[in-house]
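Peer 1: Here's a sequence, model it:
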Amino acid sequence: MPMLRSLGAPVLALALAILTTPGPAQAQTKITIGKVISGNGFHRAGTVNVAASTTVASVIGGIPFGTGYQLQLTMQDVDHKLTPCTGSSTFAITSTGTIPVPVHLTCHEVPVAPPVAVPVPRWASVAFAALLVGVGSLALRRRRDRAA
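Peer 2: As a prediction, this is how the structure comes out:
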């Protein structure tokens, strides 16, 4: 959860936990996180380096006291197996101290198109069926001849 702390000079501290589904792909998942803070004439954008970590921390200083700020987070895995996750929350810096700023991010897997069927000519299907019937009847004859 992003945390806001102001000790004289207002500072926004981000603390995120990245939750992934257990599995072999979990170790290879790398994520980029973009952040935008805006409001009261203030605007700051950047990215958070996660470097395949399960937790993220970032500190942003120089935010003036005021209300009506918005924190917007965008998260994307570098393999693009998930749709981009976005979320935002408003906050105010009215005094010194720590202010929690919860931002809900939701991600979904990118839909995978089903494999396209390869068209088989009708004559090939008939020829394959005839071949199977011929091989089957040959096997039955051999079995009958051995039994006799």
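Peer 1: residues contacting the closest residue to residue 88 other than its chain neighbours?
Peer 2: Excluding the flanking residues, the one nearest residue 88 by Cβ to Cβ, 6 or more residues apart in numbering is residue 72, at 4.1 Å. All C-beta spots, glycine's among them, are computed from the backbone N, C-alpha and C. Shown in contact with residue 72 (Cβ atoms under 8 Å, 6 or more residues apart in numbering): 35-38, 86-88.
Peer 1: Now do the helix or strand hosting residue 139, average pLDDT.
Peer 2: Residue 139 belongs to helix 122-147 when assigned by DSSP states H and E. Averaging pLDDT along helix 122-147 yields 87.
Peer 1: So which elements touch that helix?
Peer 2: The contact analysis (3 or more Cβ pairs under 8 Å, 6 or more residues apart in numbering; DSSP states H and E) places helix 122-147 against no helix or strand.
Peer 1: mind listing what's buried in that helix?
Peer 2: Within helix 122-147, not a single residue qualifies as buried, counting by 16 or more other Cβ atoms under 10 Å.
Peer 1: can you pull the buried residues of the lengthiest strand in the chain?
Peer 2: Taking DSSP state E as the criterion, the chain has its longest strand at strand 66-77. For strand 66-77, a neighbour-count test (16+ other Cβ under 10 Å) marks 69, 71, 73-77 as buried.
Peer 1: do stretch 89-101 as well
Peer 2: 89, 91, 93, 99, 101.
Peer 1: now for that stretch, what's the gap between its first and last residues?
Peer 2: 7 Å (Cα to Cα, to the nearest Å).
Peer 1: Point to the helix or strand of this structure where mean pLDDT is at its lowest.
Peer 2: When each helix and strand of the chain is scored by mean pLDDT, DSSP states H and E, strand 3-7 comes last, with a mean of 44.
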